[in-house]
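Colleague: Any chance you could fold what I've pasted below:
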Amino acid sequence: MNTQQLKDKTILLIKRGYNKVKPGRKGKVLLGITGGFFALYVGMFATQAQHNPNEVDEKSVPVSAVAMSPTAINPELHLYGKLETPNTVTLKAAVTAYVAAVNIAEGADVEQGQLLVTLDDSDAQLALAQRQADFHDASAALERVKLQQKAELTIFAHQKKLFALTDDKLNRQRKLFDDKLVAKQHLDETEREWSLQAINLEQQQLKIANHAHNLVTAKAKVTRSKAALDQAQLDLDRTQIRSPFTGRVTSLHAAKGDRLAMGMPIIEVFDRDSMQLRVALPAEHSRLFTQQASISATTNSGDKMVHLELIDVAAKIAQGRAGLDGLFRVPANFELAEIGRMLPVQITLPAVENTVAVPVQSLYANKRIYRVDNDRLKGVEVTRVGERINEDGVYEILVSSDELTDNQQIVVTQLPKAVTGLKVEIINGTDDAPTDDDTPVDTIAKN
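Modeller: Numbering: from 1, shown residues only. Sure thing, here's the model as predicted:
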């Protein structure tokens, strides 16, 4: 119904009402007032602004944006590592003895060679004395063998002379017997004497031949007794349990008065100079560590940062893990040197080119950020390449894309219904950012 039709209908209604009203002054006044109201309503309706129902009023959404340019940025891994050491030793009793004294407490720092536990050395002292006596006995036997060898050689020389004289005598007796100048009895006596001298000479030669064997046997007894003596001395020394390196006591297994058998544990110590931090590495970054790429790592030691050195990567994947373990050397003066302590580790990886660092709220669906082009949002598909904590301590995500250009305005406001084409207005701060209820996106086509 247009304006003219509305006016005609209004006049018709007024006329019908006039005809129905009885003549009179009050009736005419009432009819005039009614007609005036109708005329006013028609005028207001006819003069109002015309609205196109196909058009929707669009307002700008306030956002915060930061100008960014892609560059080379080092991703960071923020992990946790466990302190350990390959040089942990459990010192055990080398002899059977009572514990005489415990000179250290659990958790104490110790120096190399420091006396930790003292065992009763009474039995060890007795064993040492016995071994010393055995050694002296064997040494004396060796000297006797040497003297005997010298005497046997002298006797052998005399035996040779006696045999030679007897042999000459036998030859003369035989000649005289042939000439029938001596009786057969004298010849037999001379032959008997010659045989005795030959036997003595042969026996003496055998003694001399055995001299080398006797000397070896005597020397072996000396060596054996000396080894037993050294073992007894070593057992005596082992009654004093000393630290094999500079480290820390992790546990005590004995107390004063305990009777320890050989092989029973006494004390456990670890080497502080071989401390390392075992860090479970993400599977996607294991290749960088196995290639010994340019990687740096730090951790906290009290109130200061400490640099860690990558030693190696474990050759075996632990059960329940997807990646390898990285082993980082800890400085010798590390303050928090407790085995099993968990420490935060920041690992800086090699730089990645064509990368920007955006706050968490800038990343949508883990694959998209928005830039502002001509006061409109433009979605940019990105690849997440890592993360870092900047100099201000703010956590940032590193993303890369071929669509990133220099000095582009990246939205850093978290919008509940961010879509490409949304009209925005860049402001300082994010306090005026819209909520899910007042974001006019119903008429925007999603790209």
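
Colleague: so who does Val380 touch?
Modeller: By Cβ atoms under 8 Å, 6 or more residues apart in numbering, the contact set of Val380 is Arg368, Ile369, Tyr370, Arg371, Ser401, Glu403, Leu404. Bear in mind the C-beta positions are built from the backbone N, C-alpha and C, glycine included.

Colleague: Same list (the residues you listed) but as CSV, adding pLDDT, secondary structure and neighbour count.
Modeller: Output for those, formatted as CSV (pLDDT from 0 to 100; DSSP: H, G, I helix; E, B strand; the rest coil; neighbours: other Cβ atoms under 10 Å):
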residue, pLDDT, secondary structure, neighbour count
Arg368, 91, strand, 16
Ile369, 92, strand, 24
Tyr370, 92, strand, 26
Arg371, 91, strand, 19
Ser401, 90, coil, 17
Glu403, 87, coil, 13
Leu404, 86, coil, 20
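
Colleague: Return the residues in contact with Val117.
Modeller: Per Cβ under 8 Å, 6+ apart, neighbours of Val117: Leu91, Val99, Ala101, Val102, Asn103, Ile104, Gln240, Ile241, Ala254, Ile266, Ile267.

Colleague: Okay, and the last one sits in which element?
Modeller: So that's Ile267. Using DSSP states H and E, Ile267 maps to strand 265-271.

Colleague: and if you look at the third one?
Modeller: When secondary structure is defined by DSSP H and E, Ala101 falls within strand 97-102.

Colleague: what helices or strands is that strand leaning on?
Modeller: Strand 97-102 sits against strand 115-119, strand 259-260, with contacts defined as 3 or more Cβ pairs under 8 Å, 6 or more residues apart in numbering; DSSP states H and E.

Colleague: quick one: low-confidence ranges for this structure?
Modeller: Under the criterion pLDDT under 70, the flagged ranges of the chain are 1-57, 286, 290-293, 302, 320, 322, 428-447.

Colleague: Can you name every helix or strand that the strand holding Ile267 contacts?
Modeller: strand 88-92, strand 115-119, strand 247-252.

Colleague: so what strands line up beside the helix or strand following it?
Modeller: Sequence order places strand 276-280 as the next helix or strand after strand 265-271, per DSSP H and E. Using DSSP bridges, strand 276-280 pairs in its sheet with strand 76-84 (antiparallel), strand 325-329 (antiparallel).

Colleague: quick revisit: of the helices and strands packed on strand 97-102, which approaches Ala72 most closely?
Modeller: Closest to Ala72 of the helices and strands packed on strand 97-102, according to Cβ to Cβ: strand 115-119, at 53.5 Å.

Colleague: Give me the angle between the next helix-or-strand element following that closest one and strand 97-102.
Modeller: As assigned by DSSP H and E, the chain's next helix or strand after strand 115-119 is helix 122-178. Helix 122-178 runs at 130 degrees relative to strand 97-102, counting by axes from the mean of the first three to the mean of the last three Cα atoms, to 10 degrees.

Colleague: Packing partners of the helix or strand following helix 122-178?
Modeller: Sequence order places helix 184-237 as the next helix or strand after helix 122-178, per DSSP H and E. Counting contacts by 3+ Cβ pairs under 8 Å, 6+ apart, helix 184-237 packs against helix 122-178.

Colleague: SS state for Pro344?
Modeller: Three-state assignment for Pro344 (DSSP: H, G, I helix; E, B strand; the rest coil): strand.

Colleague: Next, find the distance separating it from Leu277.
Modeller: To Leu277, Pro344 is 10 Å away according to Cβ to Cβ, to the nearest Å.

Colleague: correct me, but Leu336 touches Val306?
Modeller: No - with contact defined as Cβ atoms under 8 Å, Leu336 does not count as touching Val306 (9.3 Å).

Colleague: Which of those two has more residues huddled nearby?
Modeller: Val306 (18 against 14; other Cβ atoms under 10 Å).

Colleague: if we can go back for a sec, buried deepest among the helices and strands packed on strand 265-271, which one?
Modeller: Looking across the helices and strands packed on strand 265-271 with neighbours counted as mean count of other Cβ atoms under 10 Å, the highest average goes to strand 115-119: a mean of 20.

Colleague: Name the strands paired with that strand and say parallel or antiparallel.
Modeller: strand 97-102 (antiparallel), strand 240-242 (antiparallel).

Colleague: between the helices and strands packed on strand 97-102, which gets nearest to Ala332?
Modeller: strand 115-119 (20.3 Å).
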